[in-house]
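Chemist: Structure here, sequence nowhere to be found:
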């Protein structure tokens, strides 16, 4: 069973003068348990509409979706999910500790188990020392970490995150990436949208690109990066004791390494130079916008 299964999902909004806007067009997507899936697209592409539809906040015009086998229209589907909206809002007069108690009780946690999960989550998100301060006194990055804390506290099977790195400094982003990798190692499913393409390269198994409501590409990050190799940087230690660096195109690498060996030089490093995922994303955007 896939963690998330989307079939023919379509959402059409009615605008002024009977105009219609197709926010999603016949979206089909399957995401496995134990997979981290990155969802990329420019503003207005349909990322947040997809996520809100999965969470039951937007009713689809047609099509269906399931989370852990339960239809998204059923309450049971959301019991499996930890959800972070794009712009999380909280009862800001509460402290982080109080808010997590509220969320935990919503998911039927209580007693020592709830207290244990509160402390574990607050420490993980580096909010423990500030746990009793009202959320209104937090920085934007701290508020984002409260949002992630309420996602984690009930240890769901599926994590649906809309721009989880938004507002975080480099240390906060590194922390979140390590959490996502830990969730993957524990067999959880993570589906997240982002504008930070380098984060997708680091943590994702697959990536989907959506433009104007249509899914344009779904592929493994590993394959995209492997096919994007343009050449190699080779570092060589010469017989004279010098260290030299060479740029070698892909189809000449074998001949170059053989020539270095014949000349008695020692190859210290062979490193691929490749297109980044950002180049792949931009090429699709330009192709479909042409």
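Modeler: Right, received. Where do you want to start? Fair warning: this is a prediction, and the values are worked out from it, not measured in the lab. Numbering: from 1, shown residues only.
Chemist: who touches stretch 20-29?
Modeler: By CB atoms under 8 Å, 6 or more residues apart in numbering, the list of residues contacting stretch 20-29 from outside reads 4, 6-15, 46, 49-50, 53, 60, 63, 208, 210, 212-215, 218. Glycine gets a C-beta too; all of them are placed from N, C-alpha and C.
Chemist: Mean confidence (pLDDT) on the helix or strand hosting residue 114, please.
Modeler: Element membership for residue 114, per DSSP states H and E: helix 111-124. Averaging pLDDT along helix 111-124 gives 95.
Chemist: how about that helix: buried residues?
Modeler: 114, 117-118, 121-122, 124 (16 or more other CB atoms under 10 Å).
Chemist: Check stretch 43-59 too.
Modeler: The neighbour-count check on stretch 43-59 (16+ other CB under 10 Å) flags 45-56, 58 as buried.
Chemist: got any ranges where the chain has weak pLDDT?
Modeler: Within the chain, the segments meeting pLDDT under 70 span 228, 274-278, 280-290.
Chemist: can you give me the strands for it?
Modeler: 4-14, 20-31, 36-40, 62-67, 70-71, 81-84, 158-162, 189-193, 206-211, 214-220, 229-237, 243-249, 266-274 (DSSP state E).
Chemist: nearest to residue 104, of those strands?
Modeler: Residue 104 sits nearest to strand 81-84 of all these, at 12.0 Å, using CB to CB.
Chemist: check contacts around the nearest residue to residue 172 once chain neighbours are set aside.
Modeler: Nearest non-adjacent residue to residue 172, counting by CB to CB, 6 or more residues apart in numbering: residue 141, 5.2 Å away. Contacts for residue 141 (CB under 8 Å, 6+ apart) come out as 167-169, 172.
Chemist: Please list only the buried members of the residues you listed.
Modeler: In terms of neighbour count (16+ other CB under 10 Å), the buried residues within the contacts of residue 141 are 167-168, 172.
Chemist: Serialize the residues you listed to TSV and add fields for distance to residue 234.
Modeler: Formatted as TSV, the buried ones among the contacts of residue 141 follow (distance: CB to CB, whole Å):
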residue	distance to residue 234
167	41
168	37
172	37
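Chemist: Counting only helices, which of those make the cut?
Modeler: Taking DSSP state H, the ones among the buried ones among the contacts of residue 141 that sit in helices are residue 172.
Chemist: Pick the one among the buried ones among the contacts of residue 141 closest to residue 223.
Modeler: Proximity to residue 223 was ranked across the buried ones among the contacts of residue 141 by CB to CB; first place goes to residue 168, at 28.5 Å.
Chemist: surely that closest one meets residue 144?
Modeler: Yes - contact between residue 168 and residue 144 holds when scored by CB atoms under 8 Å: they sit 5.8 Å apart.
Chemist: roughly how far apart are residue 253 and residue 119?
Modeler: 53 Å (CB to CB, to the nearest Å).
Chemist: Now do the buried residues in stretch 220-238.
Modeler: Within stretch 220-238, the residues that qualify as buried by neighbour count (16+ other CB under 10 Å) are 221, 224-225, 232, 234, 236.
Chemist: can you name the two of those residues that are farthest apart?
Modeler: Greatest spatial distance in the buried residues of stretch 220-238: 221 and 236, 30.6 Å, computed using CB to CB.
Chemist: Now restrict the contacts of stretch 20-29 to buried residues only.
Modeler: Counted by 16+ other CB under 10 Å, the contacts of stretch 20-29 give 4, 6, 9-11, 46, 49-50, 53, 60, 63, 208, 210, 212-215, 218 as buried.
Chemist: Now for the residue lying closest to residue 261 once chain neighbours are set aside: which residues touch it?
Modeler: Nearest non-adjacent residue to residue 261, counting by CB to CB, 6+ apart: residue 267, 7.9 Å away. By CB under 8 Å, 6+ apart, residue 267 lies in contact with 234-236, 257, 260-261.
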